[in-house]
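S.K.: this is a predicted model, with the sequence first.
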Amino acid sequence: MPADQLDRTFAALADPIRRSILARLAEGDATVNELAAPFPVSLPAISRHLKVLEQAGLIERGREAQWRPSRFQPEPLVEAASWLDARTRTWERRMDRLDAHLARKQKDRRR
């Protein structure tokens, strides 16, 4: 995943309202009004959140007559999760090596 795409994905996920919007869209398409309903913010604020999500590739906005339903696009999240998994595996290997080293040191001290 290109670094700029990863940056956009994580930046979009940094906001709790945007994460809530994504969780709602994971259940199905929704309009701006439907997405705005649970939040104490204006429709223009929700539209700005949607624009950030769209620029990150996390949603796609369509057009059906006067409605503009938003649709969840999971690919950037899958790619971000893969990136995180790789970092997790790296740190787990490092921690395993540290555990082995400390166990050897402790065994040497007992002698």
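M.R.: Good, I have the coordinates. Residues are numbered from 1 along each chain as shown.
S.K.: show me what contacts A30?
M.R.: R24, P69, S70 (Cβ atoms under 8 Å, 6 or more residues apart in numbering). The way it works is simple: take the backbone N, C-alpha and C, and place the C-beta from them, glycine included.
S.K.: any idea which of those residues has the most stuff around it?
M.R.: The most crowded member of the contacts of A30, judged by other Cβ atoms under 10 Å, is S70 (23 neighbours).
S.K.: how close does it sit to K51?
M.R.: 11 Å (Cβ to Cβ, to the nearest Å).
S.K.: follow-up on the earlier one: could you dump the contacts of A30 into JSON lines with pLDDT added?
M.R.: Putting these into JSON lines (pLDDT from 0 to 100) gives the following:
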{"residue": "R24", "pLDDT": "97"}
{"residue": "P69", "pLDDT": "93"}
{"residue": "S70", "pLDDT": "95"}
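S.K.: got those residues as JSON lines, with secondary structure columns?
M.R.: Compiled in JSON lines, the contacts of A30 are given as follows (DSSP: H, G, I helix; E, B strand; the rest coil):
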{"residue": "R24", "secondary structure": "helix"}
{"residue": "P69", "secondary structure": "coil"}
{"residue": "S70", "secondary structure": "strand"}
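S.K.: out of these, which is nearest to V41?
M.R.: Closest to V41 out of the contacts of A30 is R24 (14.3 Å), distances taken as Cβ to Cβ.
S.K.: wait, doesn't the closest one sit right on L35?
M.R.: Yes - counting by Cβ atoms under 8 Å, R24 touches L35, with 6.2 Å between them.
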